[in-house]
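sequence plus the predicted model coming up.
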Amino acid sequence: MHSLYPEIKPFSQQYLEVSPLHQVYIEQCGNEQGVPVVFLHGGPGSGCREQHRCYFDPAIYHIILFDQRGCGRSRPQGELKENNTQALVEDINTIRKHLGISQWLVFGGSWGATLGLLYAEQYPKQVLAMVLRGIFLGRRQD
């Protein structure tokens, strides 16, 4: 089994207003010209951590991490107004367009896998491939 890649620092950190109330924190690292991959963190309520950058080879991938509405470094933290599943899916696409990316690899774990599936269902042409782990579908039987 391959261990994680070495720790890297972001080459870009920013806030993007996705609604009049919410600004999501976005960071980019790795190869700016590489294959774009968006990392969808678990939760809901969690956020991205430095170790999440280490899942991808920084020589190959343009790694995009963001904290979902109300999570991590996004503002306002813990806010539930205007914070629902559909808004989170739309935020993913807003970030893609803001960064000028036509297609990307979608990587999600747990709640992030749920968002990734919903995103791919609504925006299939923007998804190069998907990597899902700890899939959680939000169904009663799950």
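That came through fine.

could you check the pLDDT of L88?
L88 carries a pLDDT score of 98 in this model.

and it, what helix or strand is that in?
With secondary structure defined by DSSP states H and E, L88 is part of helix 85-98.

same check, this time on I135
Assignment of secondary structure by DSSP H and E places I135 within no helix or strand.

contacting residues for it?
110, 113-114, 117 (Cβ atoms under 8 Å, 6 or more residues apart in numbering). Backbone N, C-alpha and C define where each C-beta goes, glycine included.

can you put those residues in JSON lines and add pLDDT, neighbour count and distance to E90?
What follows is these, written out as JSON lines (pLDDT from 0 to 100; neighbours: other Cβ atoms under 10 Å; distance: Cβ to Cβ, whole Å):
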{"residue": "S110", "pLDDT": "92", "neighbour count": "18", "distance to E90": "20"}
{"residue": "A113", "pLDDT": "96", "neighbour count": "22", "distance to E90": "18"}
{"residue": "T114", "pLDDT": "95", "neighbour count": "25", "distance to E90": "15"}
{"residue": "L117", "pLDDT": "97", "neighbour count": "19", "distance to E90": "15"}
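
look up the pLDDT of the residue of the chain positioned farthest from its centre for me, please.
The outermost residue of the chain, judged by C-alpha distance from the chain's mean C-alpha position using Cα atoms, centre = their mean, is Q141 at 25.9 Å. Among the per-residue scores, Q141 shows a pLDDT of 75.

and if you look at N31?
N31 is assigned 99 on the pLDDT scale.

also G134?
G134 carries a pLDDT value of 89.

give me phi/psi at it?
Phi and psi for G134, reported as degrees, to the nearest 10, are phi 50, psi 50.

show me where this structure has its helices.
Assigned helices in the chain, in chain order: 85-98, 111-122 (criterion: DSSP state H).
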